[in-house]
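Peer 1: no sequence for this one, just the structure:
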Ligand SMILES: O=C(O)CCC(=O)C(=O)O
Ligand SMILES: [Fe+2]
């Protein structure tokens, strides 16, 4: 039987003029792919404005750097609706399904701004958080959208091509490339890829980006989306986004019910009170939309 978690073969699939198969096969082969002009200018402008007003600056904090020159905000789906269209973009969905399969969910969402004075981050693998022996099938698919132009000078992300297939850690001095791309472009990489944020020590320019990481739906996300996004927010999200933040039908659901029914109606602890049609035992994976 075909493994339901197997990455989808997207060869020949074209969505809104983007050849998804080519992007996916490139990520599989070399570990990453860049798509230019993924987001139009007005989308970037709108998100910048919303992030500035809705994602309080006091909640931004530096992580993984000693300098304090990278500011970050996490848990974006709890705080703003400005990026929902990006999460639901059928091209993004098609690429993620091609890299890690159709049963996927959001792992972490980060808005970050690399400020002048930031030094190079250490090379790391984002999938190193889960102690799964290598080599292993891809289980993380990352996307980093450039709000500002990414240049070598302002710290464009370093990647070590092909390193997603390597079983041994790399030396920090290993050769890397920097992903220069214009505002609106996106770089995707497989979670096993060695990479690092670059140094921004010679410019007075910021490097702002939106990072969206997806993972297979059977792992615990790096940021626990089900708790991070309050139920009163989750209830009003688009249906697909609800599935993506973890309200999907993995395993037993909740008490045999679709988690989205529980989100809508609450937990029923008294079986006498439970309407019969609520009992839809859903052990295992279900076709869901
Ligand atoms: O700054 C970047 O371009 C990448 C940052 C990164 O890889 C991380 O913080 O995990
Ligand atoms: Fe990273």
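Peer 2: In hand now; what should we look at? This one's a predicted model, so the numbers in the text were calculated from it and none came from an experiment. Numbering: from 1, shown residues only. Ligands and ions are numbered 1, 2, ... in the order given.

Peer 1: Near residue 33, how many other residues are there?
Peer 2: As a burial measure, residue 33 scores 20 neighbours (other C-beta atoms under 10 Å). All C-beta atoms are positioned from the backbone trio N, CA, C, and that covers glycine.

Peer 1: ugh, typo on my part, it should be residue 180
Peer 2: 18.

Peer 1: Tell me which residues touch the closest residue to it other than its chain neighbours, please.
Peer 2: Spatial nearest neighbour of residue 180, chain neighbours left out: residue 156 (5.1 Å); criterion: C-beta to C-beta, 6 or more residues apart in numbering. Taking C-beta atoms under 8 Å, 6 or more residues apart in numbering, we find residue 156 in contact with 150, 178-181, 198, 207.

Peer 1: Between all of these, which two are at the greatest distance?
Peer 2: 181 and 198 (12.4 Å; C-beta to C-beta).

Peer 1: Where is the longest helix in this structure?
Peer 2: Scanning the chain for the helix with the most residues, using DSSP state H, yields helix 41-54.

Peer 1: Just the pLDDT for residue 88.
Peer 2: At residue 88, the model reports a pLDDT of 98.

Peer 1: cool, residue 68 as well?
Peer 2: Reported pLDDT for residue 68: 83.

Peer 1: quick one: it from residue 260, how far?
Peer 2: Per C-beta to C-beta, to the nearest Å, residue 68 is found 41 Å from residue 260.

Peer 1: between those two, who's got more neighbours?
Peer 2: Using other C-beta under 10 Å as the criterion, residue 68 and residue 260 rank with residue 260 on top: 19 against 11.

Peer 1: before we move on, the earlier item: now render the contacts of residue 156 as CSV, adding distance to ligand 1.
Peer 2: Below are the contacts of residue 156 laid out as CSV (distance: C-beta to the nearest ligand atom, whole Å):
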residue, distance to ligand 1
150, 8
178, 9
179, 8
180, 12
181, 11
198, 7
207, 7
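
Peer 1: What subset of those is buried?
Peer 2: Taking 16 or more other C-beta atoms under 10 Å as the criterion, what is buried in the contacts of residue 156 is 150, 178-181, 198, 207.

Peer 1: Just the ones in helices from these, please.
Peer 2: Using DSSP H, the subset of those located in helices is empty.

Peer 1: what's the closest of those residues to residue 33?
Peer 2: residue 179 (10.1 Å).

Peer 1: Next up, phi/psi of that closest one, please.
Peer 2: phi -90, psi 100 (degrees, to the nearest 10).
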